[in-house]
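When you get a sec, could you give me coordinates for this:
(chains A and B)
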Amino acid sequence: MLPQVLFLYFAFAIVALSLAVITRKNPVHSVIFMLVLFFHIAALYLTLNAEFLAAIQIIVYAGAILVLFLFVVLMLNLKEEVTEHRYISLWAVGVLLSIAISAIFLMTLSSIPLGAKGVFSPDVIASETHTVALGKLLYTEFLYPFEIASVILLVAIVGAVVLAKKRLKS
Amino acid sequence: METALKFPVLTPAMPEIIMLIGALAILMLDLIVRKKDFIALASLILAGLVAYNVFGAAGETFGGMFVADGYAMFFKLIFLVSLMLTILISIKYIEVERVNYGEYYSLALFSTLGMMIMASAGDLIVLYLGLELMALSTYVLAGFLKHSLRSNEAAVKYFLLGAFASAFLLFGISLTYGITGTTDIRAVAAYISENGLSENPVLLLSVILFSVAFSFKIAAAPFHMWAPDVYEGAPTSVTAFMSVGPKAAGFAVIGKVFLIAFASAKLSWVQVLIPVAILTMATGNILALMQTNIKRMLAYSSIAHAGYALLGIIAGGAEGMAGVMSYLMIYAFMNIGAFAIVILLRSEGFQGENISDLEGLSKTHPLYAALMLISMFSLTGIPPTAGFIGKFYIFVSAVNAGYTWLVVVAVIFSAISAYFYLRVVMYMYMREPKEEVRLTTSPAVNLALAISTAAVLLIGVLPSSVIDLAMYAAAGF
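Sure thing, here's the model as predicted:
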C-alpha cells in the first residue's frame, strides 16, 4: 500500500511541478520549481530501488544543469521578461494536441504485458543493489556504448571551443 | 551474478577504431600545422584508409552490439564517399568564407564516425549514441559561419528540433524495452514474434515514435520543416554533407529497426510509412517549384528524394533494401556534384545562391554548365544517368511487392520534379549572362566534380557494379 501511495504522490507532484515550470512568468520562479521537480524525480527513482540513478539525478540535474539555467537567467532582463507574453497565440491548439496524445498513451496502457522480463528483475536488483549491477554492466557488457558516450562529450567540448573562437581575418 | 572481464575482440571494429584515433590525431595536428590544406589532405588519407579497412572487417563484437556485415559495409562506403567529396569541395570554400579552422575536418570525421556506428549498431542504445555523435557534430558544422545570422539560425533550429527528435527516439526505445525486456535488435525481433506481440498497441505506439524520430533525420514530411532553413543557412559544403551522410545513416537505422527488429510487425509500420512517403514526395516536389534560392531548392529536392527512397523500405525484403542502398549511393554522387557547382559560384563579396545567378553559364563556363546539366538530369532521373537507375530499381522493387499504385504516384511526382531541375538547365543554356560571374575554382573542387560526374555516368551505363554490391549487402533481409 505504502509504495503505491508514494508513487501516486510523486507522479502527480511531478506533473503539477512541470506545469508550474512552464507557466510561471518569472524565470527565477520557474527555475526554483524545476529544482523541486528534480528532487521529486530522484525520489521516484528511489521507490524503484534505483538509488544510483537518484544520486546522479541530484548531482547532475539539480547540481550542474540547474546552474546552467541560472546562468541563462542571469543574462535575461527580468523586468521585461515578466511583462512579456508567455505563449504564442496558438497555445490552445498545443494544449488540445497534448491532451489528444496523452489520451492515446493512456489507451495503450492496458496492453503493456506485465511481469519481469530480461535478466534484471526487481528481485535481482534488490539482492545485488542497483549500484553494483550498474557498475558491473557499464564496464563489461556496456563498455562499447560507454566509450561512444565519451566521444560524444569530446565533440561537445570541441564544438563549444570552435564556436567561441575569434573570427579569422582573411 | 559474476561477470568475467574479458577483453573484446577488436578486429571487426577496426575501421571505427582507426577513424577515432585518426580524428583525434587530426584534432591535435591542428595545433602544429599552420596550413589547413595539410589537415584536409590528412583527413582525406584517413578516410581512404578507413574505406580500405571497411572491406576487410567482418563479424561481430562487444556482445553483439557491434555488427560488421555486408549491410554495414555498404552504408559505410556511402558515408566515406560523401565525406571525401565533402572535404574536397570544402577546402577552398571555407577559406573564402573565412572559417578556415582545422576543427572543421575533425568534426566532419567525428560525424562520419557516428554514422558508421549507426550502420553497425546491433543494439538500440548504440544506435542512439551513434546518432547523437553524428548529430552533435553536424549541429556545430551547420553553425560554422559564426558571423552569419543565417548560419546561427540554422544551427539553433537544427539543434532544438534534433534534440526533440532524439526525445521521440528515446521514448520509442524505452517502450520497446518495456514490452520486450531487451534493447538488442535481434533479440527484440525474436521476442516479438515468439510472444505474438506484433499487434500490440504499445508496439504500434513505439513504431510511431520511431517513425517520427527517423522521419526527422531523413527530412521526411511532416517532419521536414527544419530542412529548408537549415540547408539554406548552413555553409554550402556542410549542406552537401548533411543532405547525403545523415540521410543515408537515417535510412541505415530505419532498415535495422523496421526490417529487422519490427519485421513481424510490418503491417503496422507500413501503414505509418505509406502516408509519410506520399506526403514527403508531394511537399518536396511541389514546394521546390517556387524556390528562387538554389540551396533551398536542393533542400526540397532532398526531401523529395527521401520520399522515393522510403518506397524501397515499404517494399522491404532484400530487393527493396538493395534498391534503397544503391539509390543512396547514387544520390551521394549526384547531389554533391550539384552542390559543388553552387560552391563554385560563391566568391569574395558574391553570395551566388540564386538560381538566376546561373543565367548564361553555358556561354561563360561551358564545361561547368555541362557538369551541372548532368547532375540535374540525374536528379530528375533521366537516362543514361545514374539517377534513372536508382529510381528504376526502387520502383521495380515496390511494384514487385505489390505497391503499383504507390509507384504511379511516385512517377507523377517525379515528372513534376523535372520542372524545377530543368529550369536550372534552361537558365544556364537559354538565357544571356546578366553579369560577369566569376567562379572560384580550385583543383580540389574540380577533382570532386570529376569523380561525381564520372560516377553518375558510369553507374548510369554500367549499373551492375553498384546494384550487385547492394544486392550482396542486402542479402540478409
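
what's the helix or strand for whatever residue of chain A ends up closest to chain B?
Nearest residue of chain A to chain B, counting by CB to the nearest CB: residue A:117, 2.5 Å away. C-betas here are computed from N, CA, C, even on glycine. Under DSSP states H and E, no helix or strand contains residue A:117.

correct me, but it touches residue B:183?
No. Counting by CB atoms under 8 Å, residue A:117 sits too far from residue B:183 to count as a contact (11.6 Å).

Compare the two (neighbour count), which wins?
Ranked by neighbour count (other CB atoms under 10 Å in any protein chain shown), residue A:117 and residue B:183 place residue B:183 first, with 23 against 16.

Now do the more buried one, the pLDDT please.
Listed pLDDT for residue B:183 reads 91.

Kindly list the main-chain dihedrals of the nearest residue to it once chain neighbours are set aside?
Computed as CB to CB, 6 or more residues apart in numbering or on different chains, the closest residue to residue B:183 that is not its neighbour in sequence is residue B:124, at 4.2 Å. Here is the backbone geometry of residue B:124 (degrees, to the nearest 10): phi -60, psi -30.

what does residue B:293 give?
phi -90, psi 130.

who are the neighbours in contact with the residue lying closest to it once chain neighbours are set aside?
When the adjacent residues along the chain are set aside, residue B:293 lies closest to residue B:353, with 5.3 Å between them (CB to CB, 6+ apart). Counting by CB atoms under 8 Å, 6 or more residues apart in numbering or on different chains, residue B:353 makes contact with B:232, B:236, B:293-295, B:342, B:345-346.

how about the CA coordinates for the host helix or strand of residue B:23, as PDB?
Residue B:23 is part of helix B:14-32 when elements are defined by DSSP H and E. What follows is helix B:14-32, C-alpha atoms only, in PDB (Å, rounded to 0.1, in the frame of the first residue of the first chain):
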ATOM      1  CA  MET B  14      38.900  -1.800 -36.900                       C
ATOM      2  CA  PRO B  15      37.600   0.800 -39.300                       C
ATOM      3  CA  GLU B  16      35.900   2.700 -36.500                       C
ATOM      4  CA  ILE B  17      38.900   2.500 -34.200                       C
ATOM      5  CA  ILE B  18      41.200   3.800 -37.000                       C
ATOM      6  CA  MET B  19      38.700   6.600 -37.700                       C
ATOM      7  CA  LEU B  20      38.500   7.600 -34.000                       C
ATOM      8  CA  ILE B  21      42.300   7.600 -33.500                       C
ATOM      9  CA  GLY B  22      42.800   9.400 -36.800                       C
ATOM     10  CA  ALA B  23      40.200  12.000 -36.000                       C
ATOM     11  CA  LEU B  24      41.800  12.700 -32.600                       C
ATOM     12  CA  ALA B  25      45.300  12.900 -34.200                       C
ATOM     13  CA  ILE B  26      44.000  15.400 -36.800                       C
ATOM     14  CA  LEU B  27      42.400  17.400 -33.900                       C
ATOM     15  CA  MET B  28      45.900  17.600 -32.400                       C
ATOM     16  CA  LEU B  29      47.700  18.100 -35.700                       C
ATOM     17  CA  ASP B  30      45.800  21.400 -36.000                       C
ATOM     18  CA  LEU B  31      47.900  22.800 -33.200                       C
ATOM     19  CA  ILE B  32      51.200  22.200 -35.000                       C
END
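
got the buried residues for that helix?
Neighbour counts over helix B:14-32 (16 or more other CB atoms under 10 Å in any protein chain shown) mark B:15-16, B:18-20, B:22-23, B:26-27, B:29-30 as buried.

So for those residues, which is the shakiest by pLDDT?
residue B:30 (87).

pLDDT below threshold where in the stretch 51-200 of chain B?
Residue ranges of the stretch 51-200 of chain B with pLDDT under 70: none are present.

mind checking the SS state of residue B:85?
For residue B:85, the assignment made with DSSP: H, G, I helix; E, B strand; the rest coil gives helix.

Just the terminal-to-terminal distance for stretch B:377-393.
Its first and final residues considered, stretch B:377-393 spans 17 Å by CA to CA, to the nearest Å.

For residue B:85, grab the count of nearby residues.
Count around residue B:85 with other CB under 10 Å applied: 28.

wait, what's in contact with it?
Counted by CB under 8 Å, 6+ apart, residue B:85 has contacts B:240, B:332-333, B:336, B:340, B:448, B:451-452.

measure it to chain A for me?
Residue B:85 is 22 Å from chain A, where distance means CB to the nearest CB, to the nearest Å.

now do residue B:89
Residue B:89 is 19 Å from chain A, by CB to the nearest CB.

Can you verify my assumption that that residue contacts residue B:447?
No. Using CB under 8 Å, residue B:89 makes no contact with residue B:447, being 9.3 Å away.

Could I get the full set of helices for chain A?
A:2-23, A:27-47, A:51-56, A:66-75, A:78-83, A:91-108, A:122-128, A:130-139, A:143-164 (DSSP state H).

quick one: average confidence on the last one?
In other words, helix A:143-164. The average pLDDT within helix A:143-164 is 93.

is chain B contacted by it?
Yes. Helix A:143-164 comes into contact with chain B (CB under 8 Å from any CB of the partner chain), by way of A:143-145, A:148-149, A:151-152, A:154-156, A:158-159, A:161-163.

Is there a quick ChimeraX command that grabs whichever of these are buried?
Selecting only the buried entries of the residues of helix A:143-164 next to chain B in ChimeraX, with 16+ other CB under 10 Å as the criterion:
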select /A:143,144,145,148,149,151,152,154,155,156,158,159,162
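
All the helices of the stretch 351-477 of chain B, residue numbers only.
Assigned by DSSP state H, counting those that start in this stretch, the stretch 351-477 of chain B shows helices spanning B:361-364, B:366-380, B:386-400, B:404-430, B:443-461, B:464-473.
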